[in-house]
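Sequence plus the predicted model coming up.
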Amino acid sequence: MAKKTSAFAPNMMDHHRLHFSVGEYQRRYDIVTKAMEKAGVDVLMVRGPENICYLTGYETPGYYGYHNLIIPRGGQPILVMRNFESLNVPEYTWLPFPEGVEIVWDWEVPVEVTGRVIKRLKLDDKRIGVEKTGWFHSVAEYEGLMAQFPKAKIVDCSKIVEEARVVKSDEEVATMRKAARILDRAVQAGIDAIAGGVTDNYVAAEVNHSLIDNGSQYYGLPPFILTGERTCLPHQSWRNTVIEEGDPVYFEVSANVNRYAAAIMRCANVGEPTKLVRDMSNAVIGAVEAACDKIKPGVTCEQVDTAARNVVKKAGFGDYWRHRLGYSIGVNFPPDWGEGQILSLRQGEKRKLEENMTFHMVPLVLKYREAGIGFSATVRVTKTGCEVLNGLPLELVIV
């Protein structure tokens, strides 16, 4: 049992299968319940799989099925969930089982089961917080909730758990460092596999084999591995394309440990690169270095983006950089390995950096049907600057 640090300490079952300490989960619970109190809500419904995992440790690729973590302020959380998935609760979470679960049979209407729980807790006429912006909180579900609780006040609390997630604990950062070490080995394996005459499928297979063999779980996105002029395509990957002499090869890959990610972009070239590829590489590497030099607590996200963007503009490739500099990264499930919906390094973002925020910085220039070059860093904001979690050299590799 974790030390009681809030007005209410839930019953947390400690066991060796938990990915983090009970004290860490208590810390997260305290942050969220204090935010609930500030928002004036009596109960919070958490529907996002990342948010449920963050608060309880729960994980399954079956998150497409109904999962709704109900957190009454001052009461024991209850996970309303598809019965088929319920054995994952004692496997991964601190929730007491079976009393911490309300099952939904496949022939039941999930929102009606949720309604029964809320009414049993006598919260159906209170202020109920929901995650309106979550991918899994549909319009139909929202309308169903409104019908179930005509006397309740439904409050948008989409950012409560996500705000807790944006600053990592030391335990979370340590997990991400493990992912970064796995990632270094995998991308190096891919670089070592590059040769004229092999296919990008072969290179991708080596990357995936190394990731899994060295401890990565399934990723939030597939690795993006391209060669030749196809490197200019965003969010694409291998197509059984033969690598030829002179081709650039692009890698953007993540590794996942206990649902926490680190990611990396690197590029290589088969033989001497063209002037375009060399110039693009120098510009993008310079952007990463400028961003790392700028990062420290108190600097705004926009200022970091500007520092990197100015390097690429000065090199003449500003028109080919089509996106933000970077995004928060941490706990994830498919279809994404990032947390960009929480916080991004981009123009217009005035939020100031804080110690133990983590980002994947991804300057990337794409010139259609010629080349795409990107280099990146997964970084942690430290007390005085930044820590780069990736260990691979920041350089264009000639093979």
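Here it is on my side, so go on. Remember, it's a predicted structure, so these values are computed and weren't measured experimentally.

Domain map for this protein?
Each structural domain of the chain that the record assigns through automatic domain parsing is listed here as a residue range: 22-165, 170-398.

how long is the longest one end to end?
Distance between the two ends of domain 170-398: 37 Å, counting by C-alpha to C-alpha, to the nearest Å.

before we move on, what about stretch 385-399?
Using C-alpha to C-alpha, the end-to-end distance of stretch 385-399 comes to 33 Å.

Show me which positions of it end up buried.
Residues 386-387, 389-390, 392, 394, 396-397 are the ones in stretch 385-399 that count as buried (16 or more other C-beta atoms under 10 Å). In this view, the C-beta of every residue, glycine as well, is placed from N, C-alpha and C.

follow-up on the earlier one: would JSON lines of the domains of the chain with distance to residue 12 be doable?
Conversion of the domains of the chain to JSON lines gives the following (distance: least, C-beta to C-beta, whole Å):
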{"stretch": "domain 22-165", "distance to residue 12": "4"}
{"stretch": "domain 170-398", "distance to residue 12": "15"}
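
do you know which of those domains lies nearest residue 13?
With respect to residue 13, and counting by C-beta to C-beta, the nearest of these is domain 22-165 at 5.1 Å.

Sketch out the strands for the stretch 1-150 of the chain, chain order is fine.
Defined through DSSP state E, counting those that start in this stretch, the strands belonging to the stretch 1-150 of the chain, from first to last, are 43-46, 67-72, 78-82, 101-104, 127-130.

Check the ones you listed for me and report the most buried one.
Highest mean neighbour count of these: strand 43-46, a mean of 26 (counted as mean count of other C-beta atoms under 10 Å).

Among the strands of the stretch 1-150 of the chain, which comes closest to residue 289?
strand 43-46 (39.0 Å).

Each with direction, which strands does the closest one pair with?
strand 67-72 (antiparallel), strand 127-130 (parallel) (DSSP bridges).

which residues are contacting it?
Outside strand 43-46, the residues within contact range by C-beta atoms under 8 Å, 6 or more residues apart in numbering are 32, 36, 52, 55, 68-73, 114, 118, 121, 123, 126-131, 157, 160-161.

Distance across stretch 310-320, terminal residue to terminal residue?
Using C-alpha to C-alpha, first and last residues of stretch 310-320 are 13 Å apart.

for that stretch, which positions count as buried?
Judged by neighbour count using 16+ other C-beta under 10 Å, the buried positions of stretch 310-320 are 311-312, 315, 317, 320.

related to what we said a few turns ago, distance to residue 242 added to the strands paired with strand 43-46, as JSON lines?
Rendered in JSON lines, the data for the strands paired with strand 43-46 read as follows (distance: least, C-beta to C-beta, whole Å):
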{"stretch": "strand 67-72", "distance to residue 242": "44"}
{"stretch": "strand 127-130", "distance to residue 242": "51"}
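
Just put the ones you listed in a markdown table and tack on mean pLDDT and distance to residue 226.
Converted to a markdown table, these look like this (pLDDT from 0 to 100; distance: least, C-beta to C-beta, whole Å):
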| stretch | mean pLDDT | distance to residue 226 |
| --- | --- | --- |
| strand 67-72 | 98 | 35 |
| strand 127-130 | 97 | 40 |
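
Dump stretch 193-207 to PDB, restricted to CA.
Coordinates of the C-alpha atoms in stretch 193-207 are reproduced here as PDB (Å, rounded to 0.1, in the frame of the first residue of the first chain):
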ATOM      1  CA  ALA A 193      21.700  -4.300 -43.700                       C
ATOM      2  CA  ILE A 194      21.800  -1.600 -46.400                       C
ATOM      3  CA  ALA A 195      23.500  -2.500 -49.600                       C
ATOM      4  CA  GLY A 196      22.900  -2.000 -53.300                       C
ATOM      5  CA  GLY A 197      20.600  -4.800 -54.600                       C
ATOM      6  CA  VAL A 198      18.800  -5.600 -51.400                       C
ATOM      7  CA  THR A 199      15.200  -4.400 -50.800                       C
ATOM      8  CA  ASP A 200      13.800  -2.000 -48.300                       C
ATOM      9  CA  ASN A 201      11.700  -5.000 -47.100                       C
ATOM     10  CA  TYR A 202      14.900  -6.700 -46.100                       C
ATOM     11  CA  VAL A 203      16.200  -3.700 -44.200                       C
ATOM     12  CA  ALA A 204      12.800  -3.300 -42.500                       C
ATOM     13  CA  ALA A 205      12.800  -7.000 -41.500                       C
ATOM     14  CA  GLU A 206      16.200  -6.500 -39.800                       C
ATOM     15  CA  VAL A 207      15.000  -3.500 -37.900                       C
END
